[in-house]
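>>> have a look at this prediction, sequence included:
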Protein chains: 2
Amino acid sequence: MERRHRVSMTDIAREAKVSPATVSRALNGHPTVSDKVRRSVLDAAERLGYVRNLGAVSLASSQSNTVGLLIRDAGNQFYGGLASRIQAETDRYGFDLLITAGGDTLESQERAVRNLLGHGVGGIVIASGRVAAEAAEYSARFVPSLVLGTGLELPSLSSVRIDPHMEAGLARRVVDHGHRSIAVTASEDPLASTLHARTANFLTELVVAKTDTYIVSFSEQGGVDELGRQVDRALADGVTAIMAGSDEMALQILEYLNISGLRCPQDVSVTGFDGIGAYRSSLLGLTTIEQPVDELAHAAIKLMSRHMNEEHAQTAQILVPGRFVKGRTLGMAQTSD
Amino acid sequence: MERRHRVSMTDIAREAKVSPATVSRALNGHPTVSDKVRRSVLDAAERLGYVRNLGAVSLASSQSNTVGLLIRDAGNQFYGGLASRIQAETDRYGFDLLITAGGDTLESQERAVRNLLGHGVGGIVIASGRVAAEAAEYSARFVPSLVLGTGLELPSLSSVRIDPHMEAGLARRVVDHGHRSIAVTASEDPLASTLHARTANFLTELVVAKTDTYIVSFSEQGGVDELGRQVDRALADGVTAIMAGSDEMALQILEYLNISGLRCPQDVSVTGFDGIGAYRSSLLGLTTIEQPVDELAHAAIKLMSRHMNEEHAQTAQILVPGRFVKGRTLGMAQTSD
DNA sequence: CTGAAAGCGCTTACAG
DNA sequence: CTGAAAGCGCTTACAG
């Protein structure tokens, strides 16, 4: 248990009676090393409890086998789940993965990118609903970078996300249930690019369908009271369905309705987005879209692998379909007229 | 957007017309640098888009300002939330944070530790319900290490977790509701040390209270069918309450009861554990214990800071109280006799 | 207050 | 197949 002098390649070289260069080659599986030597080097490394200094490796080789993942908040089910799947994919590809949380401001995001870069990552995946475009572009100045699961549109960067047709399709379903006055949530945070894109996609479809639209704006600070006021006002104006930008928001709305004695979907329909974890529970019965987390992670790392290996890989915008989750919170509009 | 030659301290030195040594000192806020020189160095660094190579830093200084966090799975609300709070705390302390996911096997966990170590972290926080003690001890051989939010007991390592009295207290409440035949979930995964400890704590209290106890064993693979069989058997044997090791398990049980037409708590009571995120929703109404995520993260980083700064800081076992969440899934036992 | 030099742990042409 | 040597980007006594 006592903390020893960190063992280096030199120690192994001494132990195995070869040169440091040979140790390096043996450890890296270089083919020109004789089996006998390789064996004894590996033995010595094991015996001494050797841990490779990755910083020194990337310093000396000026290339890196590790990819960095920038997420805003692992506490968010969607991004947490994404991180978890990304880890599985990088494992498959033999990459090391370093994760860091980006925070909510441009400054803290650039700090996070610098942190990753400073640890010598060879590529960065940015998975955060609230990225400043500047942070992504900053990252791209140094290593192949890719934006994942986000509404952010940057023609110069590769991106992987759910097909926006899913959002349009959800809106169409709401319309098809007879709703003609529909509220959409909107975030007040200017950095919440994913939510903004979602809101815009919902609205576009609703406007095309010639329905009345209504905005319920969400502020992080507002709390339940502010949310309640907004919902009340919307209902008073005749809204019969609310499309939330995320399951989390949808759940907050459902809780408020419940407290107020309003029934869902009889009095008002509610839809969510993400369809992950507990929000998927049949007990909640939320009508929502399930994000294709596995496919998103898979496509992202596949693409990243290409970017890291080919000098001038084409940037690509990949769209992955999601899945509609029926639930019980979307019902037919009551024809009160 | 084009990827340039990575700028180094030498480049800054040339630009600012000073020596690399001075650049280093200026960047590190060394007091012996004249204001004028410092200014021009900082300017040059900014202008050139300098990113410090942290690997080289820790290589040269053989000390590190970054702490590593090993979590099993960011997709798990509890650990995801913990990661998110840990980030906030390390930010406060001025540490950099590197996160990596450990996986489920001893081998992948040691790999994760080596990855962190290889990137030169100065300390490691292990937050995973399924740690092999060996992985934690391996980590402790190299840097100050600390186990967080876990049932794992290692006298040689510092640890921070929820006070086990919370588990006992929950069991006592169930008993106080008149239940005399109570099932407890148990995981079949030998590495699930947190769940095992929880199960043991529940059982101890139940046995002390002289109730009949019953085990519902949970396997990752079993699926709903297997779970249903187990629950049915327990109920047939007269069980009137089920204490789940986590909210996630509790929710699965509730879903099964719902499908089977059984009411909770009228037919059977169910309790959870963790009380995080969507599981806390009043719509679910789960009776559970809320883990003190903020306090856990705070205590962990405070302790880690001490371990990293003082040569021989005392190892400590810190217990943080949680909070009982009343919910609606725990009711009085029906006196059918 | 500043610089020249050695060294941290590695890799990689270059010889042999 | 193996070794000696230079160098990656930094820090830090040691001189001045």
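Nice, I can see it.

>>> residues from chain A in reach of DNA strand D?
A:18-22, A:25, A:31-34, A:36-37, A:56, A:59-60, A:62 (Cβ under 7 Å from any atom of the strand). Placement of C-beta: from N, CA and C, glycine included.

>>> restrict those residues to contacts with chain B.
A:56, A:59 (Cβ under 8 Å from any Cβ of the partner chain).

>>> out of the residues of chain A next to DNA strand D, which end up buried?
A:18, A:22, A:25, A:33, A:37, A:56 (16 or more other Cβ atoms under 10 Å in any protein chain shown).

>>> among the residues of chain A next to DNA strand D, which one has the lowest pLDDT?
pLDDT across the residues of chain A next to DNA strand D is lowest for residue A:62, at 79.

>>> can you show me the strands along the stretch 51-200 of chain A?
Assigned by DSSP state E, counting those that start in this stretch, the stretch 51-200 of chain A shows strands spanning A:66-71, A:96-101, A:123-127, A:145-148, A:158-162, A:181-187.

>>> would CSV of those with mean pLDDT be doable?
Formatted as CSV, the strands of the stretch 51-200 of chain A follow (pLDDT from 0 to 100):
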stretch, mean pLDDT
strand A:66-71, 93
strand A:96-101, 91
strand A:123-127, 93
strand A:145-148, 93
strand A:158-162, 94
strand A:181-187, 95
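
>>> possible to save these as TSV with mean neighbour count and distance to residue A:50?
Converted to TSV, those look like this (neighbours: other Cβ atoms under 10 Å in any protein chain shown; distance: least, Cβ to Cβ, whole Å):
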stretch	mean neighbour count	distance to residue A:50
strand A:66-71	28	19
strand A:96-101	25	17
strand A:123-127	27	27
strand A:145-148	27	33
strand A:158-162	25	37
strand A:181-187	23	49
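
>>> so which of those strands gets nearest residue B:151?
strand A:96-101 (24.2 Å; Cβ to Cβ).

>>> starting at the chain centroid, how far to the closest one?
13 Å (Cα atoms, centre = their mean, to the nearest Å).

>>> touching it from outside, list them.
A:54, A:65-74, A:83, A:86-87, A:90-91, A:112, A:115-116, A:119, A:121, B:74, B:83-84, B:87, B:96-101, B:115, B:119 (Cβ atoms under 8 Å, 6 or more residues apart in numbering or on different chains).

>>> do that strand and DNA strand C meet?
No: counting by Cβ under 7 Å from any atom of the strand, DNA strand C is not contacted by strand A:96-101; separation bottoms out at 13.2 Å.

>>> repeat that for stretch A:14-33.
Yes: contact of stretch A:14-33 with DNA strand C (Cβ under 7 Å from any atom of the strand) involves A:20-21, A:24-25, A:27-28.

>>> those residues in helices, which ones?
A:20-21, A:24-25, A:27 (DSSP state H).

>>> with adjacent residues omitted, what lies nearest to whatever residue of the stretch 101-250 of chain A ends up closest to chain B?
Nearest residue of the stretch 101-250 of chain A to chain B: residue A:118, at 3.5 Å (Cβ to the nearest Cβ). Nearest non-adjacent residue to residue A:118, counting by Cβ to Cβ, 6 or more residues apart in numbering or on different chains: residue B:54, 3.5 Å away.

>>> how about the contacts made by that neighbour?
A:55, A:115, A:118-120, B:66, B:96, B:120.

>>> nearest to residue B:306 among these?
Taking Cβ to Cβ as the measure, residue B:306 lies nearest residue B:66 of those, at 16.5 Å.

>>> any idea how far the residue nearest to residue A:290 when sequence neighbours are not counted lies from chain B?
Leaving aside its chain neighbours, residue A:290 sits nearest to residue A:275 (3.2 Å; criterion: Cβ to Cβ, 6+ apart). For residue A:275, the distance to chain B (Cβ to the nearest Cβ, to the nearest Å) stands at 12 Å.

>>> residue A:275 and residue A:205, how far apart?
19 Å (Cβ to Cβ, to the nearest Å).

>>> got it, and residue A:293?
24 Å.

>>> burial of residue A:28, as a residue count?
11 (other Cβ atoms under 10 Å in any protein chain shown).

>>> please, where are all the helices along chain A?
A:9-16, A:20-27, A:35-48, A:54-61, A:77-93, A:106-118, A:133-140, A:165-176, A:193-208, A:223-236, A:247-259, A:293-309.

>>> from the chain's centroid, how far away is the first one?
This means helix A:9-16. 43 Å.

>>> around DNA strand C, pick out the residues from the stretch 1-150 of chain A.
So the stretch 1-150 of chain A meets DNA strand C at A:6, A:8-10, A:20-21, A:24-25, A:27-28, A:52-53, A:56-57, A:59-61, A:63 (Cβ under 7 Å from any atom of the strand).

>>> so for residue A:5, what's the pLDDT?
66.

>>> tell me which residue is most central in chain A.
residue A:127 (3.6 Å; Cα atoms, centre = their mean).

>>> distance of the closest residue to it other than its chain neighbours from DNA strand C?
Of all residues not flanking residue A:127 in the chain, residue A:148 sits nearest, at 4.2 Å (Cβ to Cβ, 6+ apart). As judged by Cβ to the nearest atom of the strand, to the nearest Å, residue A:148 and DNA strand C stand 29 Å apart.

>>> could you break chain A into its assigned domains?
A:9-52, A:66-162+A:293-320, A:165-291 (automatic domain parsing).
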